[in-house]
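Colleague: how would this look folded up:
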Amino acid sequence: MDASKQINEREALEMLAETFAEPPENIRPEVERSTIVGWDSMGALMLMAELDERFSIELNAETSKKMQRIGDVLEFLRQKGALKS
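Modeller: Model prediction:
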């Protein structure tokens, strides 16, 4: 992962708010997927596309389905080197 492409947690939360068309104040690590209207099947596809375009990270459908909180997405980004620790 190119270090210049890394983002911090605030930037990641803003990206997720935009991806799921949610107000930024609604997107926090502890927020459950089921409470985010935009995190439906289309939102999951949007997230996959965003991660691929922005970071060249492939998020497959199986991994996406396992994500139940915003924090799971942040942890995925951390594991892939896209999120600064």
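Colleague: and the pLDDT for the residue nearest to residue 24 when sequence neighbours are not counted?
Modeller: Spatially, and ignoring its direct neighbours in sequence, residue 24 is nearest to residue 17 (4.3 Å; Cβ to Cβ, 6 or more residues apart in numbering). All C-beta spots, glycine's among them, are computed from the backbone N, C-alpha and C. We have a pLDDT of 98 for residue 17.
Colleague: residue 17: what's it in contact with?
Modeller: Contacts for residue 17 (Cβ atoms under 8 Å, 6 or more residues apart in numbering) come out as 23-24, 26-27.
Colleague: again, but for residue 58
Modeller: By Cβ under 8 Å, 6+ apart, the contact set of residue 58 is 48, 51-52.
Colleague: same question, residue 16
Modeller: Residue 16 touches 22, 27, 47, 70, 73, counting by Cβ under 8 Å, 6+ apart.
Colleague: and the residues you listed, which of them are in helices?
Modeller: In helices, judged by DSSP state H, the following of the contacts of residue 16 are found: 47, 70, 73.
Colleague: now render those as TSV, adding distance to residue 11, pLDDT and neighbour count.
Modeller: What follows is the ones in helices among the contacts of residue 16, written out as TSV (distance: Cβ to Cβ, whole Å; pLDDT from 0 to 100; neighbours: other Cβ atoms under 10 Å):
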residue	distance to residue 11	pLDDT	neighbour count
47	15	98	21
70	14	98	25
73	13	98	25
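Colleague: quick revisit: of the contacts of residue 17, grab the buried ones for ChimeraX.
Modeller: Buried residues among the contacts of residue 17 (16 or more other Cβ atoms under 10 Å), as a ChimeraX selection:
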select :26,27
